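Undergrad: predicted model and sequence follow; I will ask about them next.
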Amino acid sequence: MSSHHIVRENQEPALLITSARNLAGELLGQLLEWSPTIITDTQNLDYLLALGIKVDVVFGDVPAVRQDSIQQISIEQGFPEDAMHYLVSKGFKAVNMWSDNIHEDLSSFAGQINIVLFCADRRYVCVKGQFEKWLPKNETVYFDEAYIKSFQGVEYVNKGTFRTVADGFMTLEFSTDSYVWIGEDL
């Protein structure tokens with residue numbers, strides 16, 4: 001992409017930060033590269049501002065001294081659920097989410113917005129039906145085996161953990177119509 005490329009509003013994934021813990025490093029720099037819309041809650045706001053990260057939307061009550069350029073939204077159902085509703089209503093197609101845990105309940109939004117979750121040094125995607133990806137040998141993949149109908153190219157290591165058996169495509173077929181979280185080490 002050239003430097004004169006025009007980015008339309010909401011074209012780039014938003015960055016939803018549900019926990020600022022462990023928020024640093026090269027990955028953060030990559031996520032911030034295209035100046036995404038940054039959304040968080042009041043618990044993480046001061047830490048993000050101290051890092052020099054400009055927050056666009058905050059869920060919860062913000063002290064008047066911090067309200068200058070931040071859109072404030074009241075929490076109705078809970079954070080991050082309200083944030084996902086907000087993103088969908090504003091027409092975002094994708095969101096990168098930085099969190100301490102996998103939000104299983106957010107998979108219900110996956111039909112409306114592409115969700116990539118960064119959690120515990122892993123990258124998760126939320127997929128439905130089937131998942132196929134080329135990976136090198138001995139890469140670790142994480143998913144709940146309760147939802148698996150069949151798999152190829154991976155072997156069982158222990159609960160929720162699989163390893164690729166060779167360079168090439170691994171394929172997962174799911175036994176559910178729901179979305180399933182698939183994780184890889186960063």
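TA: Received it, and whenever you're ready, just let me know what you need. All values reported here derive from a predicted model rather than from experimental measurement.
Undergrad: would you confirm that Ser107 belongs to a strand?
TA: No: Ser107 is assigned helix when assessed by DSSP: H, G, I helix; E, B strand; the rest coil, not a strand.
Undergrad: hmm, Ile39 and Lys54 touching each other?
TA: No: Lys54 lies out of contact with Ile39 (C-beta atoms under 8 Å); the separation is 11.7 Å. For the C-beta atoms, the positions are set from N, CA and C on the backbone; glycine is no exception.
Undergrad: more crowded one of the two?
TA: Between Lys54 and Ile39, Ile39 has the larger neighbour count (other C-beta atoms under 10 Å), namely 27 against 11.
Undergrad: is the residue nearest to the more buried one when sequence neighbours are not counted bridged to anything, and to what?
TA: Nearest non-adjacent residue to Ile39, counting by C-beta to C-beta, 6 or more residues apart in numbering: Val57, 4.4 Å away. Beta-bridge partners recorded for Val57 (DSSP bridges): Ile39, Gln71.
Undergrad: quick check, Val57 in contact with Leu87.
TA: No: checked against C-beta under 8 Å, the pair Val57 and Leu87 is beyond contact range at 9.3 Å.
Undergrad: this structure - how does it break down into domains?
TA: 14-120, 127-185 (automatic domain parsing).
Undergrad: check contacts around Met170.
TA: Counting by C-beta atoms under 8 Å, 6 or more residues apart in numbering, Met170 makes contact with 132-135, 141, 151-154, 164.
Undergrad: swap that for Glu81, please
TA: Contacts for Glu81 (C-beta under 8 Å, 6+ apart) come out as 105-106.
Undergrad: got phi/psi on it?
TA: Per-residue torsions, Glu81: phi -60, psi -50 (degrees, to the nearest 10).
Undergrad: next one, pLDDT for it please.
TA: Glu81 is assigned 95 on the pLDDT scale.
Undergrad: same thing with Lys137?
TA: According to the prediction, Lys137 has pLDDT 97.
Undergrad: for Ile182, same thing?
TA: pLDDT, Ile182: 95.
Undergrad: mind listing what's buried in the host helix or strand of Ile115?
TA: Ile115 belongs to strand 114-119 when assigned by DSSP states H and E. For strand 114-119, the neighbour count (16 or more other C-beta atoms under 10 Å) marks 115, 117-119 as buried.
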